[in-house]
Every structure is written in structure tokens, then in C-alpha cells.
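1. Dropping the sequence and predicted coords here.
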Amino acid sequence: MPDPVAITDPRARYWHPLDDGRIQCDLCPRFCKLHDGQRGLCFVRARQGDELVLTTYGRSSGFCIDPIEKKPLSHFLPGTPVLSFGTAGCNLTCKFCQNWDISKSREFDKLQEQASPEAIARAAAQTGCRSVAYTYNDPVIFLEYAVDVAKACHDLGLKNVAVTAGYICDEPRREFFRHMDAANVDLKAFTDAFYRTLCTAELQPVLDTLLYLRHETDVWFEITDLLIPGHNDGDAEVAEMADWIVGHLGPDVPVHFSAFHPDWKMTDVPATPPATLRRARAIAKAAGIRHAYVGNVHDPEADSTWCHHCGELLIGRDWYQLSDWNLTDDGRCTACGTPCAGVFDGPPGTWGAKRRRVVLS
């Protein structure tokens with residue numbers, strides 16, 4: 001099936017007909033089987049007649065310029081602005097979703113912004129952004145739109161950033177990440193029980209995505225782990241996850257331990273104590289992870305980047321504001337010359353903590 005070429009072409013890829021008259025979506029491991037007029041669990045991939053369509057192609061919940069550190073990415077073009085956008089829907093059912101008003105939306109009147117891929121790329125370039133981020137809801141479910149935007153961005157010399165849970169099948173995974181330059185992958189826990197109970201999903205496809213990124217692509221990626229009290233914050237689970245990351249992905253993949261706050265269907269669970277995040281960070285570092293961070297709490301020391309060889313402060317951070325910068329233009333420690341893993345391009349940007357709404361229409 002050909003790529004969508006315009007904002008009015010919503011045809012989807014990755015599906016096949018079944019013998020019983022239904023069609024099966026092959027984008028993610030849910031393999032939704034649809035009669036005419038039905039939608040997949042993600043709500044945005046729908047059967048219309050004898051084909052699958054992406055109902056949100058060319059439509060967005062809005063565009064904002066964010067600091068790249070908010071994705072979070074600490075080792076990818078630090079200090080630079082990124083044009084961020086999402087659509088609606090999600091292929092996971094996380095009861096703790098922090099963006100549930102977008103990812104769980106069933107109301108397309110929330111998608112008030114319309115933009116072609118070329119318009120998005122032009123807006124990013126004209127506002128001084130170095131990259132475009134596909135975020136707020138998971139971009140794998142609007143793969144066709146994201147890929148077309150990514151192509152337009154590359155034509156203008158812009159980078160592409162995916163913020164994703166990584167729940168996607170092999171073939172679409174290859175296409176999607178072929179057009180991405182960086183990613184933050186949400187590794188929600190390290191047990192199947194967590195994924196089944198709180199996300200109605202499985203852990204292995206997410207691990208497969210991480211392994212694919214590490215061993216078969218040049219995509220720079222970082223990992224986020226949202227620690228939820230009583231569900232995935234045990235020391236043994238954090239240690240097992242850290243050991244797996246070091247053993248299968250290497251010590252240079254940054255890991256962000258982020259604080260949960262009560263939301264969506266888990267308002268009865270307390271917020272994550274800062275001490276839990278710091279303990280997880282210490283466990284990760286003891287396991288050999290060179291760059292472990294905390295998120296959603298104020299902790300400049302744990303937000304900052306340190307040389308794993310000599311201990312020099314490389315990048316000072318206070319929330320999204322950069323301070324110290326002790327890296328050479330090619331990303332080496334100025335004190336000892338040890339390379340810091342990441343994508344660095346000259347001096348840091350100066351965007352800071354600003355957030356700016358952009359209206360493309």
C-alpha cells in the first residue's frame with residue numbers, strides 16, 4: 001500500500017484480511033481484528049470498507065516548543081528547543097497515565113490543529129528548533145503521519161525524536177525508527193505482571209524494541225522508568241532491570257527514574273517519594289549504568305551529567321535550565337578527555353525552561 005502523500009490521504013499500513021471477513025491490524029502486538037466500522041484499541045486505526053485508515057492523519061492536539069530535556073533526553077543536543085506534538089489515542093491502557101486527557105481521548109474535537117508534514121517541518125525550522133518530537137501520546141499508533149513528518153524534517157536538516165512505550169511489531173518498528181534520530185523509551189516496569197495488570201500488555205515487545213534500537217540502529221535513545229509506590233519500585237526489580245540494561249544494552253544508555261503522581265485510575269496511590277528515586281538511581285549506578293537521573297522532582301545533582309571516569313561535572317542542570325558546561329564540541333570531558341556518550345554538536349543551546357505554544361493554522 002503506498003505511503004500517504006497529502007493531508008487528505010489517511011490510508012494505513014500493516015494489516016491483512018482474515019478468512020472470516022475481518023481485517024487484522026499488524027502494527028502492534030494487540031493484533032486487533034476488525035469488522036467494517038470498528039476501531040482498534042488505540043481508537044485511531046479504523047476499518048473503513050476493505051482497508052485500514054489512520055483517522056488522525058494530519059490532525060494534532062496542538063504544537064508546543066519545549067526544551068529537549070523535557071522529553072526527557074539529557075544527552076541529545078542539550079539546551080535546544082524541540083517542536084512537540086501528538087494526536088489522540090494509545091495502544092496501551094495504563095491506569096496511571098499522566099497524559100490521559102490526550103492518550104485516552106475519544107473526542108476528535110480535541111484535535112483542533114491541522115497540519116501537513118511539510119507545514120510542521122517549516123514551522124520547526126522557522127522557530128529555530130533543532131528537532132521535532134512525536135510525543136504526548138504514543139507516535140507508533142500514528143506511524144504513517146509521523147514518518148511523513150519525519151521525512152519532511154530531514155529534508156530541512158531537522159532531527160526527529162520519538163517518545164514512545166515501544167509497543168510495536170517487528171516490521172513497523174523497522175520503518176518507524178528508520179526515520180528517527182533519537183528516542184525516549186518508557187520501560188514501565190520489569191515484570192510481565194505489571195504490564196498485564198496495569199497496561200494490558202506484555203514486557204517482551206518493549207525489550208525487543210530496546211534491543212533493536214541498540215543493536216540494529218544508530219538512533220540515540222534513553223530510558224524512562226516511572227516508579228509507582230508498591231507496584232514497580234522495589235529494590236530487587238530496579239536492580240534486575242539495571243543489570244539487564246547493562247548486560248544487553250550497555251552502560252552508556254541513560255536511565256531516568258521519574259516520580260509518579262496520582263492520576264487517571266490510580267488516584268488512590270501516593271506520589272513517589274524523592275528518596276525512592278534517589279535510591280533507584282544509586283542502585284542503577286552500582287549496577288554499572290553510567291548516567292542515571294531523576295525526574296519530576298527538584299534535584300540538581302541527580303539531574304546533572306557527571307563524567308563516569310573522573311567525576312567532573314559535565315552538564316549542570318536545574319530542572320530544564322543548563323548551568324555548567326564542561327564538554328568539548330565533540331562531547332569529551334574537558335578535565336580528562338573521556339567521551340560522554342550522546343549526540344553533541346558544539347556548544348549547548350540556550351532555550352532553557354521555556355514552553356511556547358505554536359499555532360500552525
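-> Right, received. Where do you want to start?
2. So, low pLDDT: which residues of this structure?
-> Judged against pLDDT under 70, the low-scoring parts of the chain cover residues 1-9, 100-112, 361.
3. Need the nearest residue in space to A162, chain neighbours excluded.
-> Spatial nearest neighbour of A162, chain neighbours left out: A183 (4.3 Å); criterion: C-beta to C-beta, 6 or more residues apart in numbering. In short, each C-beta sits where N, CA and C put it, glycine included.
4. Quick check: that neighbour touching T164?
-> Yes. Counting by C-beta atoms under 8 Å, A183 touches T164, with 6.3 Å between them.
5. Spit out the contact partners of the residue nearest to A162.
-> By C-beta atoms under 8 Å, 6 or more residues apart in numbering, the contact list for A183 reads 161-164, 177, 213, 219-222.
6. hang on, it in a strand?
-> Yes. With DSSP: H, G, I helix; E, B strand; the rest coil as the criterion, A183 is located in a strand.
7. how far away is it from Q321?
-> 24 Å (C-beta to C-beta, to the nearest Å).
8. Same question for G346.
-> In this view, G346 and Q321 are 19 Å apart by C-beta to C-beta.
9. picking that back up, the residue nearest to A162 bridge partners, please.
-> With DSSP bridges applied, A183 shows beta-bridge pairing to A162, F221.
10. Quick check: the gap between it and P117.
-> As judged by C-beta to C-beta, A183 and P117 stand 19 Å apart.
11. thinking again about what came up before, quick check: of the contacts of A183, which lies closest to H261?
-> Using C-beta to C-beta, V163 comes nearest to H261 of the contacts of A183, at 18.2 Å.
12. so who does the closest residue to R47 other than its chain neighbours touch?
-> Ranked by C-beta to C-beta, 6+ apart and with sequence neighbours excluded, the top spatial neighbour of R47 is L34, at 4.1 Å. For L34, the contact set (C-beta under 8 Å, 6+ apart) comprises 22-25, 40, 46-47, 52.
13. Which of those are buried? Put it as a ChimeraX command.
-> Typed into ChimeraX, the line below selects the buried ones among those, using 16 or more other C-beta atoms under 10 Å:
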select :23,24,25,40,46,47,52
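14. I'd like the contacts of L34 as JSON lines, with distance to M266 and secondary structure appended.
-> Shown next, in JSON lines, are the contacts of L34 (distance: C-beta to C-beta, whole Å; DSSP: H, G, I helix; E, B strand; the rest coil):
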{"residue": "R22", "distance to M266": "34", "secondary structure": "coil"}
{"residue": "I23", "distance to M266": "34", "secondary structure": "strand"}
{"residue": "Q24", "distance to M266": "32", "secondary structure": "strand"}
{"residue": "C25", "distance to M266": "28", "secondary structure": "strand"}
{"residue": "G40", "distance to M266": "24", "secondary structure": "coil"}
{"residue": "A46", "distance to M266": "29", "secondary structure": "strand"}
{"residue": "R47", "distance to M266": "32", "secondary structure": "strand"}
{"residue": "L52", "distance to M266": "32", "secondary structure": "strand"}
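15. my read: T80 touches P347, true?
-> No. The pair T80 and P347 fails to qualify as a contact (C-beta under 8 Å) at a distance of 10.8 Å.
16. Could you check which of those two is surrounded by more residues?
-> T80 (20 against 12; other C-beta atoms under 10 Å).
17. OK, contacts around that one?
-> Remark: with contacts taken as C-beta under 8 Å, 6+ apart, T80 is in contact with 67-68, 129-131, 348-349, 351.
18. Out of these, who's the most crowded?
-> Neighbour counts for the contacts of T80 were taken using other C-beta under 10 Å; the highest belongs to I68, with 27 neighbours.
19. In contact with that one, which residues?
-> Applying C-beta under 8 Å, 6+ apart, one finds that I68 lies in contact with 76-82, 130-131, 133, 161, 349, 351.
20. Those into a markdown table, with extra columns for secondary structure and distance to A146?
-> Output for these, formatted as a markdown table (DSSP: H, G, I helix; E, B strand; the rest coil; distance: C-beta to C-beta, whole Å):
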| residue | secondary structure | distance to A146 |
| --- | --- | --- |
| F76 | strand | 18 |
| L77 | coil | 19 |
| P78 | coil | 24 |
| G79 | coil | 25 |
| T80 | coil | 20 |
| P81 | strand | 19 |
| V82 | strand | 14 |
| R130 | coil | 18 |
| S131 | strand | 13 |
| A133 | strand | 10 |
| V161 | strand | 11 |
| G349 | coil | 24 |
| W351 | coil | 23 |
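21. out of those residues, who's nearest H309?
-> P78 (19.2 Å).
22. thought the closest one was touching P348?
-> Yes. The criterion here is C-beta under 8 Å, and P78 meets it with P348 at 4.8 Å.
23. Mind telling me what element V147 is part of?
-> helix 143-155 (DSSP states H and E).
24. Quick one: residues in contact with that helix.
-> Contacts of helix 143-155 with the rest of the structure, by C-beta under 8 Å, 6+ apart, involve 3-5, 10-14, 27, 54, 56-58, 87, 117-118, 120-121, 124, 131-132, 134, 139, 159-160, 162, 172, 175-176, 179-180.
25. Please consider this matter closed, and thank you.
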